[in-house]
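Trainee: Provide a 3D model corresponding to the input given below.
(one chain, ligands or ions: 3)
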Amino acid sequence: QPVVDAKTGMIASAEALIRWNHPEKGMISPGIFIPALEESGQISELSFYVVKQVKELIRARLLCGKKTVPVSINLSWMDFYDETMINGIIEQLQTGEIPRGMIRFEVTETSYAALEENRLGVLNAIRKEGAKILLDDFGSGYSSLSSLNVMHFDTIKLDKSLIDYIGDRNGEKLLLHITQLLQSFGMTITAEGVETSDQVEFLKNLHCDDIQGYYFSKPLPVNEFEDFVRKHTGL
Ligand code: C2E
Ligand code: CA
Ligand code: CA
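Mentor: Ligands and ions are numbered 1, 2, ... in the order given. So this is what the prediction gives:
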């Protein structure tokens, strides 16, 4: 799914969102099969697969001289307990086939337990390879402000539930103070689940950095994503 620069409306980055097109059952939502893969202990294989797919897409585009944007990949809290897989991901970042920083990682607050159990080392090792770390779903309900104290995140992704406050007086006040707090920490802000022009205008006024949501684009299959990049950069 494209992520757009709030100021320019140009594509700034993207998020990799997995899809399972089942031969008989059709599209199955990641909301269904991700928890199942976590339960069966296979989620890290999926994370590794996504890293390889994203890397291959970026590499292929670079080889053709096409414009590339950083792509963020969702990590599950379980990934932090799978050292072999994490090392495999780090090795993928070290091959030098794509520029540093082209791959980013999103972690959710469900990872805190793992992170607090001294697994911050894992994130720091990933970061050492030039990958930014994004805190996903901020404000989704489980969020504790202490998460901001666990480590410095490069970017905070404001959950859709916060964006839906726009239009409500107190909700808007809350959003204003949350963004000011995050900005004072030097974190960049991406708003998620943005669907209306009113929301876009409000977020621009807050100096929110990037915007992701149906207003600009739904998640797209790779070929349509490539069309989007062409249209929004001319390359
Ligand atoms: P997420 O990481 O919070 O991803 C954002 C979700 O919001 C995506 O749902 C996206 O399609 C949806 N979305 C984006 N813009 C809008 C909008 O304007 N309005 C509304 N209503 N929804 C919007 P999706 O693709 O169904 O993914 C659901 C969740 O599944 C993701 O939530 C993420 O937690 C998980 N997921 C998806 N791909 C992967 C993956 O490769 N690995 C892992 N571990 N988890 C993944
Ligand atoms: Ca995400
Ligand atoms: Ca999210």
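
Trainee: Checking the helix or strand of the chain with the lowest mean pLDDT against ligand 1, do any of its residues make contact.
Mentor: Least confident helix or strand, the chain: helix 112-114 with a mean of 73, by mean pLDDT, DSSP states H and E. No: Helix 112-114 is not in contact with ligand 1 by Cβ under 6 Å from any ligand atom; minimum separation 13.4 Å. All C-beta spots, glycine's among them, are computed from the backbone N, C-alpha and C.

Trainee: what does that helix contact?
Mentor: With contact meaning Cβ atoms under 8 Å, 6 or more residues apart in numbering, helix 112-114 is reached by Trp77, Phe80, Tyr81, Ser144, Ser147, Val150.

Trainee: how many other residues sit next to the first one?
Mentor: Residues lying near Trp77 (other Cβ atoms under 10 Å) number 18.

Trainee: pretty sure it is touching Glu106, no?
Mentor: No: contact criterion Cβ atoms under 8 Å: Trp77 and Glu106 do not qualify, at 11.9 Å.

Trainee: quick one, longest helix in this structure?
Mentor: The single longest helix within the chain, with elements called by DSSP state H, is helix 43-63.

Trainee: do it and ligand 1 meet at all?
Mentor: Yes: Helix 43-63 reaches ligand 1 (Cβ under 6 Å from any ligand atom) through Leu46, Ser47, Val50.

Trainee: for ligand 3, what are the nearby residues on the chain?
Mentor: Asp136, Asp137, Glu192 (Cβ under 5 Å from the ion).

Trainee: returning to that earlier point: which of the residues of helix 43-63 next to ligand 1 lies closest to Ser13?
Mentor: Comparing these against Ser13 with Cβ to Cβ places Val50 closest, at 15.4 Å.

Trainee: surely the closest one meets Glu15?
Mentor: No: assessed by Cβ under 8 Å, Val50 is found out of contact with Glu15, at 10.7 Å.

Trainee: Please enumerate the shared neighbours of the two.
Mentor: Counting by Cβ under 8 Å, 6+ apart, the residues touching both Val50 and Glu15 are Asn74.

Trainee: hey, where'd the helices end up in the protein?
Mentor: 30-40, 43-63, 83-94, 112-114, 120-128, 147-150, 160-163, 169-184, 197-205, 222-233.

Trainee: pLDDT on the third one, on average?
Mentor: When you say that, I think you mean helix 83-94. Across helix 83-94, the average pLDDT comes to 92.

Trainee: mind showing which ranges of this protein have poor pLDDT?
Mentor: Across the chain, the ranges flagged by pLDDT under 70 are 118-119, 142-144, 234-235.

Trainee: Using ChimeraX, make a named selection holding only the buried ones among the contacts of helix 112-114.
Mentor: A single ChimeraX command selects the buried members of the contacts of helix 112-114 (16 or more other Cβ atoms under 10 Å):
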select :77,80,147,150
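
Trainee: can you put the contacts of helix 112-114 in a markdown table and add distance to ligand 2?
Mentor: Shown next, in a markdown table, are the contacts of helix 112-114 (distance: Cβ to the ion, whole Å):
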| residue | distance to ligand 2 |
| --- | --- |
| Trp77 | 13 |
| Phe80 | 16 |
| Tyr81 | 20 |
| Ser144 | 19 |
| Ser147 | 15 |
| Val150 | 18 |
